[in-house]
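Asks: any chance you can model this:
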Amino acid sequence: MRLLMLGGTEFVGRAVVDAALTRGWQVTVFHRGHHEPPPGVAVLRGDRTAADGLAALGRGEWDVVVDTWTGAPSAVRDTARLLATRAQRYVYVSSRSVYRYPSAARLDEDGPLVDGSPDAGEVEYAQAKRGGELAATAVFGGRALLVRAGLILGPWENIGRLPWWLRRVARGGPVLAPGPRELALQYVDARDLAAWTLDAVERGLGGPYNLVSPAGHTTMGELLEACVRVTGADADLRWVEPERIAAAGIEPWTQLPIWLPPGELHDHLHQGDVSKAVAAGLRCRPIGETVADTWAWLQSIGGEPPQRPDRPAVGLDPETEARVLKG
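Replies: Numbers count the residues shown, from 1 in each chain. Predicted structure coming up:
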């Protein structure tokens, strides 16, 4: 198989490239040159935000294009149109954020969606992802696969969520652990996303798929306890109820990455129906493996994770954590 990866040097794109190379696929990476491409790939350079940024894609044929773009949907539109006669399939890595909020628990792919346009410029995240879906589908029709991912974890993460928890636990001492301990989490390891996506391409699947683990695949307790275990830190998890966290003015998801208190937003992000993807072969590794491999990767790069410039840094400052634990 001949894969054109748009991006491919970080996180999800890197996981897709690594999985494709392992299968013996021929991989071409199209990127801006800000990071080193993985070894073993052909490289094309370009900037999708520039007037002539797609020039390097003017020639070549591929069996599949994988696109993780999050910016203006018009960039997906332009790329898809350029490749319409030279690529067999188009995979757009979208997001479950395309579902209109609030959504009921166990929402499947037929749930109500936010408005979006394939011709839009810079818009909010949900509208950007929906516009990207519409752009890919407008050109490739049933040959477009829409991978609606939720929370993504694993090695090469450049958002900072799991790396922040690992580094915080590694410092040891009392750790503010947001409860309840048994709170169910729904996520996907980037490598499991990559494996499922390439399998789906080989099977000729198209249309939308929610791609996260089944609801309850792990819990907040299991995740943080795995962090303690793999770091070997002298950390004491202090479980704090959601009410105390809210009273302290601490923001879920950003100041306490991954965590959302029970309620409407938690149901929206951690209770999706993924039966369609599971029936199509989705398999999710245990949380302990994701945590251990992410820690090993962090160690291998000196402990300082990369940070996407278009995303704010996450995490709770030590002073606020100490104040809440003391109170």
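Asks: what about residue 327, neighbour count?
Replies: Neighbour count for residue 327, taken as other Cβ atoms under 10 Å: 9. C-betas here are computed from N, CA, C, even on glycine.
Asks: which ones are touching it?
Replies: When contacts are counted by Cβ atoms under 8 Å, 6 or more residues apart in numbering, residue 327 touches 244, 248.
Asks: what's the spacing between it and residue 176?
Replies: Going from residue 327 to residue 176 by Cβ to Cβ, to the nearest Å gives 11 Å.
Asks: cool, residue 148 as well?
Replies: Look at residue 148 and residue 176: by Cβ to Cβ, they are 31 Å apart.
Asks: ok, now residue 104?
Replies: From residue 104 across to residue 176, the span is 31 Å (Cβ to Cβ).
Asks: more crowded one of the two?
Replies: The neighbour comparison of residue 104 against residue 176 (other Cβ under 10 Å) goes to residue 176, with 23 against 12.
Asks: look up the closest residue to the more buried one, ignoring the ones flanking it.
Replies: Take residue 176 and drop its neighbours on the chain: the residue closest to it by Cβ to Cβ, 6 or more residues apart in numbering is residue 321, 4.8 Å away.
Asks: tally of neighbours for residue 181?
Replies: There are 14 residues near residue 181, going by other Cβ under 10 Å.
Asks: once you drop chain neighbours, what's closest to it?
Replies: residue 221 (3.7 Å).
Asks: then residue 164?
Replies: Here the residue nearest residue 164, using Cβ to Cβ, 6+ apart, is residue 315, at 4.4 Å.
Asks: hmm, the one you found is touching residue 253, no?
Replies: No: applying Cβ atoms under 8 Å, one finds residue 315 not in contact with residue 253, separated by 11.2 Å.
Asks: contacting residues for residue 188?
Replies: The neighbours of residue 188, taking Cβ under 8 Å, 6+ apart as the test, are 149, 150, 151, 152, 153, 211, 212, 213, 284.
Asks: residue 282 versus the nearest residue to the second one once chain neighbours are set aside, what's the distance?
Replies: So the one you mean is residue 150. Distances taken as Cβ to Cβ, 6+ apart place residue 212 nearest to residue 150, at 3.7 Å, with adjacent residues excluded. As judged by Cβ to Cβ, residue 212 and residue 282 stand 9 Å apart.
Asks: got any residues that touch both of the two?
Replies: Counting by Cβ under 8 Å, 6+ apart, the shared contacts of residue 212 and residue 282 are residue 274.
Asks: and the pLDDT for residue 263?
Replies: Looking at residue 263, its pLDDT is 94.
Asks: show the contacting residues for it.
Replies: Counting by Cβ under 8 Å, 6+ apart, residue 263 has no contacts.
Asks: how near is residue 24 to residue 5?
Replies: Counting by Cβ to Cβ - residue 24 and residue 5 are separated by 15 Å.
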